[in-house]
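In: dropping a prediction and its sequence here:
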Amino acid sequence: MILMLMSMLLAWSPFAQEAKDIDFDIRAKENLLMGKGATTVREYYDVVITKQPTSGVLIKLPYTRKGGKFSFDLHHRVAMTEDFGPPAEVTTVVNVLNGGGTSVGTYTIVDQVSTGDKFEETINKSSSAEIDKFITPLSRKTITLDIRPGPQSISIVGQMLIIARGAATTRIDTPGTRIAVVSNFKFQESPVGTPLR
């Protein structure tokens, strides 16, 4: 009798579901596409310094009743020329804006970069310009955002880049300058129900 009652209660209660990736729309301008990974075929986008959501890496998220989690990988954007010079500490700062231009978070990645450093995969570049052949993403930091229920857009924009070599420090915060790279975008809707333990 108790077994029957338990099976009826389980049948009436909502089943726990695992979070799953759902589609979203990347609406970044075509000229921001740095290229695609030779191994993963992931798209890599340049991030420019701007306060305008439409000028950043703009992403339209689907309507969700439960909200979810959006994540992406943040990388430095470095010109690894033969005369890169002594090791440098590179600090890259980006901002995530909502569709109205309000900041929902500022994110920083800091690393030591030395001559000869390479990224984990080759990028098949969109541009064939001579200067772009030296540009590469470096390092990786995964950023995860809590997304509220309902429809919304977010935009990843640059804030500043700081390069320190010994006593010399260069700060770049000029609008329109490309300072970072983002990739590996994922959006998961929050699961329904409570996981059984």
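Out: Now that the structure is in, tell me what you want to look at.

In: which residues are in contact with the residue nearest the centre of the chain?
Out: Computing the C-alpha centroid of the chain and ranking residues by CA atoms, centre = their mean puts Phe72 first, at 3.0 Å. By CB atoms under 8 Å, 6 or more residues apart in numbering, the contact set of Phe72 is Thr142, Ile143, Ile156, Val182, Ser183, Asn184, Phe185, Lys186. For glycine as for every other residue, the C-beta is placed from the backbone atoms N, C-alpha and C.

In: helix/strand/coil for it?
Out: Three-state assignment for Phe72 (DSSP: H, G, I helix; E, B strand; the rest coil): strand.

In: quick one: the helices in this protein?
Out: Ranges of helices in the chain, per DSSP state H, are 2-12.

In: and the closest residue in space to Gln159 that isn't next to it in sequence, how far from Ser183?
Out: Take Gln159 and drop its neighbours on the chain: the residue closest to it by CB to CB, 6 or more residues apart in numbering is Val93, 4.3 Å away. Distance, Val93 to Ser183, by CB to CB, to the nearest Å: 18 Å.

In: now swap in Glu121 and tell me
Out: Taking CB to CB, one finds Glu121 at 10 Å from Ser183.

In: mind listing the shared neighbours of the two?
Out: Residues touching both Glu121 and Ser183 (CB under 8 Å, 6+ apart) are Gly37.

In: looking at the two, which is more packed in?
Out: Ser183 (21 against 16; other CB atoms under 10 Å).

In: so that one touches Asp73, yeah?
Out: Yes. Ser183 lies in contact with Asp73 (CB atoms under 8 Å); the separation is 5.0 Å.
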